[in-house]
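*Asks:* Need the 3D shape of this:
(chains A and B)
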2 protein chains.
Amino acid sequence: MSLDGLDTPFLAVDLAVMDRNIERLAGRLRGTGIQLRPHAKSHKCVEIAQRQIDSGAIGLTVATIGEAEVFAEAGFTDLFIAYPLWVTAPKARRLRQVATRTALRLAVDSAVGAQQLAEHLGDLPFTVVVEIDSGHHRTGVTPEEAGAVAAAARAAGLNVVGVFTFPGHGYTPGQRAEVAAQESRALDAAAKSLHAQGIEPSVRSGGSTPTVGAADSTVLTEVRPGVYPFNDAQQFELDVCTLDDIALSAITTVVHARGRTAIVDAGSKILGADRPGWATGFGRVIDAPDARIVALSEHHATVEFPGAAPSPGTRLRIAPNHLCNAVNLVDSLVIDTAGGPYHWAVAARGANT
Amino acid sequence: MSLDGLDTPFLAVDLAVMDRNIERLAGRLRGTGIQLRPHAKSHKCVEIAQRQIDSGAIGLTVATIGEAEVFAEAGFTDLFIAYPLWVTAPKARRLRQVATRTALRLAVDSAVGAQQLAEHLGDLPFTVVVEIDSGHHRTGVTPEEAGAVAAAARAAGLNVVGVFTFPGHGYTPGQRAEVAAQESRALDAAAKSLHAQGIEPSVRSGGSTPTVGAADSTVLTEVRPGVYPFNDAQQFELDVCTLDDIALSAITTVVHARGRTAIVDAGSKILGADRPGWATGFGRVIDAPDARIVALSEHHATVEFPGAAPSPGTRLRIAPNHLCNAVNLVDSLVIDTAGGPYHWAVAARGANT
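*Replies:* Down below sits the predicted model:
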């Protein structure tokens, strides 16, 4: 059996490329003093998380309690839910169960959120970090406000150990170095704000795949990239990786061709519908770097080629723009190896709560 | 148990609104001579498909063999796979199996595709329709080319019964009536093109939720809307429905608030990332029609309110822009009824091949 025997579309992983990507980042971080806590929301696979731990990662980052449940159940023993959860009684029951299996770090970005957390789970031995906004303007407080939130959390009885941020505005062409510098300044200012409250900010966590290469080891103690094992069209177009570094692609079949335009059988239900304004299209054709994906329906991608389009029946590999959303659309990934393909379950698919 | 006891985010269906939407469209079509064959890719739920049949639909439309497998297995006996499949041996085996349970209509849009279909499945008693392009410029031939494709399909031994189109360019503000007119002209011209080859175009199938209200009963014999049981933010912003007609929403919780901005715990992993250029944002807040969803991450939506944002812990209902992609992200829908909520499986979730 080869990939040719599998009905398209499906998501395939080039295992050799993925292993190279995992090792490359781990190697870059060794000796810098920066610890790696990869974000498992990107791959949602136990097998890939294990490879990350084997490469030296100190634990995993997850986005939801549901993801924490999956990875705790699979035996991972150090999880950070990098999200300012609004903890209700049902969510608290689930967190309590997760905490029986794994060390847990939780996030707060308000005094009221910290109080809510303490009220429901104050007796558990988890740690807490304060989320700060380093310029992405999503959740998180300003660096200067971090000390007050940390103090409120401490007053509520929580064990505050530091600060974290997600520099998501690094997903802009040409901005990676500047955003990494903003991240560093923000984490440093937030750390000082905790110090001023007498709280030791021993965790200063940041990082994302675009910015991790410029992470400042004089400030950051930890990075949380997610996409780096696979890479995707966004990373390629942001100049974070080459096409050869993309380990995950949708294997598609041309179903219609006319002149320079082909329609393939992969759409937003396997690639995801992400399309940042700066992107060249809805993904990239790995086999035809000059082609552009100009339109996307649920089961159609419209691809324009510089010359004649390939004939119906031709298979093409397409890198999604944003693999985190693509992976979440399938039950399993097809692992392409020299010995033939096999499947890995997307164990945390759909774990949204 | 009420919805309040369920962890957010999840997708909830207001059953009374959904039933009203299903009956309203069925009622409009009764007596027009236009038959209803709703697209099941939108809801992927057996229970909803059954309600559509009970309202008078003659069968279902699906997008993939995988969806046909699910609905054939569930007992639906008349399925149209409205996609120009490139039929390989493994796909042919699956289609053969589906055909043991249900009447099957398949699509072609090229002579080579028709030959491929005939070679693998020529002995089966399915019917074939030719896809034409009525202006959306995706798959399909021009109306004038339809006769030649139909003749080639007939020559290959296939039972050609008509033509179909998807007027997807009706998803543009203010264009619905004009696009429905284009659809009608294109189907009429394609029907004449088949006639000229001596082939009776007894099926002239079109329609989509935005255009179905203007379907021309002098030309169309059938419509295939998908979104109408639920509606979504796109339909609202296209003026196809009111907010009160939206039956499906993501139930979300505010996790962060500052001034006029709130962050809720629903992002692209439950709403989908669709965002047409003409949309006001990444969905609509049903409880706050003047709010705008200005940014979307995987687990965050950034919502700007005209006044002060609601506090953390507040629940908000958000209509996705494009529900077909939202529904495909969850294992089940929460059905909200006066008697309390229950779940319907999204039986064809992820059925991409």
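*Asks:* quick one, phi/psi of A:Gly207?
*Replies:* For A:Gly207, the backbone dihedrals (degrees, to the nearest 10) come out as phi 90, psi 150.
*Asks:* I'd say it and A:Val223 touch.
*Replies:* Yes: with contact defined as C-beta atoms under 8 Å, A:Gly207 counts as touching A:Val223 (2.8 Å). C-beta coordinates here come from the backbone N, C-alpha and C atoms, glycine included.
*Asks:* Those two: who's more crowded?
*Replies:* Taking other C-beta atoms under 10 Å in any protein chain shown, A:Gly207 and A:Val223 do not tie; A:Gly207 has more neighbours (31 against 27).
*Asks:* one step back: any residues in contact with both of A:Gly207 and A:Val223?
*Replies:* Common contacts of A:Gly207 and A:Val223 (C-beta atoms under 8 Å, 6 or more residues apart in numbering or on different chains): A:Ala215.
*Asks:* which SSE is A:Gly281 in?
*Replies:* Using DSSP states H and E, A:Gly281 maps to neither a helix nor a strand.
*Asks:* Point me to the residue of the stretch 101-250 of chain A nearest chain B.
*Replies:* Closest approach of the stretch 101-250 of chain A to chain B (C-beta to the nearest C-beta) occurs at A:Thr139, with a separation of 4.5 Å.
*Asks:* Over to that residue. Which of the three states is it?
*Replies:* Assigned by DSSP: H, G, I helix; E, B strand; the rest coil, the conformation of A:Thr139 is coil.
*Asks:* OK, contacts around it?
*Replies:* A:83-84, A:109, A:131, A:133, B:255-256, B:263, B:300.
*Asks:* Inside strands: which ones of those residues?
*Replies:* A:131, B:255-256, B:263 (DSSP state E).
*Asks:* now the residue nearest to A:Ala262 when sequence neighbours are not counted: how far from B:Ala107?
*Replies:* Leaving out its chain neighbours, the residue that sits closest to A:Ala262 by C-beta to C-beta, 6 or more residues apart in numbering or on different chains is A:Ala309, at 3.8 Å. Distance of A:Ala309 to B:Ala107, given as C-beta to C-beta, to the nearest Å: 20 Å.
*Asks:* I'd like the distance between A:Leu333 and chain B.
*Replies:* Distance, A:Leu333 to chain B, using C-beta to the nearest C-beta, to the nearest Å: 13 Å.
*Asks:* Just confirm that residue is within a helix.
*Replies:* No: counting by three-state DSSP, one finds A:Leu333 to be strand, located in no helix.
*Asks:* How about the residues of the stretch 51-200 of chain A by chain B?
*Replies:* Applying C-beta under 8 Å from any C-beta of the partner chain, we find that the stretch 51-200 of chain A lies next to chain B at A:63-65, A:83-86, A:88, A:90-91, A:94, A:109-110, A:112-113, A:116, A:137-140, A:168.
*Asks:* Give me the buried subset of those residues.
*Replies:* Neighbour-count burial (16 or more other C-beta atoms under 10 Å in any protein chain shown) applied to those gives A:63-65, A:83-86, A:88, A:91, A:94, A:109-110, A:112-113, A:116, A:138-140, A:168.
*Asks:* pLDDT on stretch A:231-240, on average?
*Replies:* Per-residue pLDDT values across stretch A:231-240 average out to 98.
*Asks:* Check stretch A:271-284 too.
*Replies:* So the average pLDDT for stretch A:271-284 ends up being 97.
*Asks:* Is it in proximity to chain B?
*Replies:* Yes: against chain B, stretch A:271-284 shows contacts by C-beta under 8 Å from any C-beta at A:272-275.
*Asks:* May I see those residues arranged in a markdown table, with neighbour count, distance to B:Ser193 and secondary structure as well?
*Replies:* Shown next, in a markdown table, are these (neighbours: other C-beta atoms under 10 Å in any protein chain shown; distance: C-beta to C-beta, whole Å; DSSP: H, G, I helix; E, B strand; the rest coil):
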| residue | neighbour count | distance to B:Ser193 | secondary structure |
| --- | --- | --- | --- |
| A:Gly272 | 30 | 38 | coil |
| A:Ala273 | 24 | 35 | coil |
| A:Asp274 | 27 | 39 | coil |
| A:Arg275 | 22 | 36 | coil |
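*Asks:* buried sites along the longest helix along chain A?
*Replies:* Across chain A, the longest stretch assigned as helix under DSSP state H is helix A:176-195. Residues of helix A:176-195 classed as buried: A:176, A:179-180, A:182-184, A:186-191, A:193-194 (neighbour count, 16+ other C-beta under 10 Å).
*Asks:* Serialize the residues you listed to TSV and add fields for pLDDT.
*Replies:* Shown next, in TSV, are the buried residues of helix A:176-195 (pLDDT from 0 to 100):
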residue	pLDDT
A:Arg176	93
A:Val179	96
A:Ala180	96
A:Gln182	97
A:Glu183	98
A:Ser184	98
A:Ala186	98
A:Leu187	98
A:Asp188	98
A:Ala189	98
A:Ala190	98
A:Ala191	98
A:Ser193	98
A:Leu194	98
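*Asks:* Next, the contact list for the residue nearest to A:Ala262, please.
*Replies:* With contact set as C-beta under 8 Å, 6+ apart, A:Ala309 has these partners: A:254, A:257-262, A:303.
*Asks:* Tell me where the model's unsure across chain A.
*Replies:* Along chain A, the parts satisfying pLDDT under 70 run over A:1.
*Asks:* what does the domain assignment say about it?
*Replies:* Listed domain ranges for chain A are A:3-10+A:234-345, A:17-227 (source: the TED database).
*Asks:* Can you tell me the element A:Leu104 falls in?
*Replies:* A:Leu104 belongs to strand A:103-108 when assigned by DSSP H and E.
*Asks:* Helix or strand next in line after that strand, which one?
*Replies:* helix A:111-121.
*Asks:* got the buried residues for that next one?
*Replies:* A:111-118, A:120-121.
*Asks:* Give me the distance from that helix to the chain's centre.
*Replies:* For helix A:111-121, the separation from the chain centroid amounts to 26 Å (computed by C-alpha atoms, centre = their mean, to the nearest Å).
*Asks:* now the angle from that helix to strand A:103-108?
*Replies:* 150 degrees (axes from the mean of the first three to the mean of the last three C-alpha atoms, to 10 degrees).
*Asks:* Against which helices or strands is helix A:111-121 packed?
*Replies:* When contacts are defined as 3 or more C-beta pairs under 8 Å, 6 or more residues apart in numbering or on different chains; DSSP states H and E, helix A:111-121 packs onto helix A:89-99, strand A:103-108, helix A:146-155.
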